[in-house]
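> I would like the atomic coordinates for the input below:
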Amino acid sequence: MTENGEAPGSQASLREANSARLLNALTRYGQLTQVELAAATGLSPATVSNIVRQLVADGAVETSVTTRSGRRAQLVTLARNDSMTAGIHAGPRSLDVTLVDANLREVARQHLPLPAAHRFDTTLDRAALLVSELTSERGIGLHDLVGVGVAMPAGGRVGADPGLPSWAGVDVADTLGRRLGRPVFVTREIDAAASAEARLGALRGTECGIYVRVGDTTDSAIVIRGSVLRVGTHAAAGIGHVRVSPGGAICRCGGRGCLNTEVSIDSLRESLRISHGPMSLRDIVSAAKGGDPGCQQVISDAGAAIGSALADLATALGPDRISVGGPLARAGDILLSPIRDALEARPVLRGAEGLLGAGHLNESAETLGAAAYVFDMMSLVPMPDTARGGGRL
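Numbers count the residues shown, from 1 in each chain. Just a heads-up that it's a prediction; the model follows:
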């Protein structure tokens with residue numbers, strides 16, 4: 001029997017199949033140590049070591065020395081190639097653009113603050129200009145990009161985007177694609193961020209993970225063995241529209257007391273309006289970390305509300321790990337401690353060491369995930385020959 005539990009074929013076929021599994025893991029995660037490759041593929045450490053040695057000789061992968069948990073380890077990445085894509089995050093208040101190579105390494109980045117209720121045509125013009133500037137600075141042209149990924153609050157699904165209401169009905173992929181002359185793929189910002197954390201960050205290596213993004217609104221995604229569970233076409237998805245306050249305010253979805261009415265930039269600012277005056281989300285987080293009791297209180301209350309909804313989801317799924325990201329996650333334990341308390345209050349979740357933690361990728365999560373989505377959709381990360389007579393996989 002093979003390590004797949006299947007009957008073996010020829011040794012050459014077995015080597016080719018195992019090499020393909022290893023290359024697929026590197027394609028998905030970008031870079032892994034040999035120990036992590038063994039866990040991701042189910043192959044034994046000795047088998048992984050032998051395959052890596054052969055792939056290095058074939059020029060398919062590269063190795064370097066790194067550290068994991070204070071110990072030296074051998075990091076394996078796909079060999080450098082010319083495949084590069086752009087990842088764009090279009091949010092209600094900012095535009096981020098990054099260039100990413102086939103190993104999911106960020107090679108250039110631009111950030112642009114945006115006015116409230118910015119128009120789609122102006123913002124997409126700015127996005128196209130930033131992509132052009134970044135490629136020019138790298139000495140390449142737009143035609144060298146394999147594609148462009150765009151992360152948005154609702155991923156361009158039918159109906160008004162809850163984070164970008166003025167963009168309702170806009171075909172972002174078509175509009176930006178005509179400006180750039182490249183294929184454009186649009187995804188939800190929560191899915192992009194969760195995918196990046198699963199490949200490169202806090203959810204890497206989990207069998208089942210939950211990613212929560214807290215910013216202008218609150219949303220969540222489920223990660224199963226490194227892949228984001230993509231939602232259907234219906235607008236309901238994630239914990240943002242879970243009812244946490246039956247007598248609460250009316251949400252933009254039409255429901256009453258959704259989590260997004262309790263935890264959003266608008267709700268936090270309104271809670272502080274009388275005592276603090278107008279504040280941005282960055283201002284609120286900065287003041288809370290500086291010891292302001294009012295700002296600490298509204299963020300702690302937000303954490304408690306998130307924890308209430310998240311505990312139900314975690315009880316149903318039994319995740320290995322939960323990661324919290326987005327702009328409000330910069331508040332650290334001011335936000336995370338009440339979420340952790342809500343999880344610990346559930347007997348089945350009590351004592352789960354390391355269950356909850358902050359995301360690792362910060363503001364890069366959405367753009368890295370959008371770029372990775374392009375490679376996924378186009379399947380253009382090269383898979384070199386893995387055995388004599390073998391073709392591309």
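
> Glu363 reaches Thr98, doesn't it?
No - look at Glu363 against Thr98 with Cβ atoms under 8 Å: they stay out of range, at 9.8 Å. C-beta here means a position set from N, CA and C on the backbone, and glycine is covered the same way.

> who has more neighbours, these two?
Neighbour tally, Glu363 and Thr98, criterion other Cβ atoms under 10 Å: the higher count belongs to Thr98, 26 against 17.

> helix/strand/coil for that one?
Following DSSP: H, G, I helix; E, B strand; the rest coil, Thr98 is assigned to strand.

> Give me the pLDDT for it.
In this model, Thr98 is scored at 97, pLDDT.

> And it, how far from Ala196?
11 Å (Cβ to Cβ, to the nearest Å).

> Identify the contacts common to those two.
Listed as contacting both Thr98 and Ala196 by Cβ atoms under 8 Å, 6 or more residues apart in numbering are Ser364, Leu368.

> list the contacts for Trp212?
Residue 212: Val, not Trp. Val212 sits next to Thr218, Asp219, Ser220, Ile239, Ile306, Leu310, Ile322, Ser323, Val324, Gly325, Gly326 when contact means Cβ under 8 Å, 6+ apart.

> Please flag which of those residues sit within strands.
Mapping these onto strands (DSSP state E) picks out Thr218, Asp219, Ser220, Ile322, Ser323, Val324, Gly325.

> so where is this structure shaky, pLDDT-wise?
The model of the chain has pLDDT under 70 over residues 1-9, 80-82, 155-163, 231-237, 380-393.

> tell me the domain boundaries of it?
The chain breaks down by automatic domain parsing into domains covering 11-78, 84-191+367-378, 205-359.

> I'd like the distance between Gly369 and Ala151.
Separation of Gly369 from Ala151 (Cβ to Cβ) stands at 6 Å.

> Between the two, which has more neighbouring residues?
Neighbours were counted for Gly369 and for Ala151 using other Cβ under 10 Å; Gly369 has more, 34 against 30.

> Give the helix, strand or coil label for the more buried one.
Gly369 ends up helix, using three-state DSSP.

> Please tell me I have it right and it contacts Ala194.
Yes - using Cβ under 8 Å, Gly369 is in contact with Ala194, at 7.1 Å.

> who does whichever strand or helix holds Gly209 pair up with?
Per DSSP states H and E, Gly209 falls inside strand 208-214. Under the criterion DSSP bridges, strand 208-214 sits next to strand 218-224 (antiparallel), strand 321-325 (parallel) in its sheet.

> is it possible to export the ones you listed to JSON lines including mean neighbour count?
Listed next are the strands paired with strand 208-214 as JSON lines, based on neighbours: other Cβ atoms under 10 Å:
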{"stretch": "strand 218-224", "mean neighbour count": "24"}
{"stretch": "strand 321-325", "mean neighbour count": "26"}
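
> which stretch among these comes nearest Lys289?
Closest of the strands paired with strand 208-214 to Lys289 is strand 321-325, at 15.8 Å (criterion: Cβ to Cβ).

> Show me what the closest one is in contact with.
With Cβ under 8 Å, 6+ apart, strand 321-325 has contacts from 193, 197, 201-203, 206, 209-214, 306, 310, 314, 335-336, 339, 343, 354-362, 365.

> what about the strands in the stretch 151-300 of the chain?
Shown for the stretch 151-300 of the chain, the strands assigned by DSSP state E, counting those that start in this stretch span residues 184-188, 208-214, 218-224, 227-228.

> gap between the closest residue to Leu99 other than its chain neighbours and Ala86?
Spatial nearest neighbour of Leu99, excluding adjacent residues (Cβ to Cβ, 6 or more residues apart in numbering): Ala108 at 4.4 Å. Per Cβ to Cβ, Ala108 is found 9 Å from Ala86.

> Please identify which of the two sits among more neighbours.
Higher neighbour count among Ala108 and Ala86: Ala86, with 30 against 16, using other Cβ under 10 Å.

> In three-state terms, how would the more buried one be classified?
Quick answer, by three-state DSSP: Ala86 is strand.

> For it, give the beta-bridge partners.
For Ala86, the beta-bridge partners under DSSP bridges are Leu99, Val148.

> Pull the contacting residues for it.
If a contact means Cβ under 8 Å, 6+ apart, then Ala86 has Val97, Thr98, Leu99, Val100, Val131, Leu134, Thr135, Leu145, Val148, Gly149, Ala371 as its contacts.

> got the contact list for the first one?
Spelled out, it's Val97. Val97 is in contact with Ala86, Gly87, Ile88, His89, Arg109, Gln110, Leu112, Ala127, Leu130, Val131, Leu134, Thr367, counting by Cβ under 8 Å, 6+ apart.

> Am I right that the third one is in contact with Ala127?
Read that as Ile88. Yes - with contact defined as Cβ under 8 Å, Ile88 and Ala127 form a contacting pair (5.3 Å).
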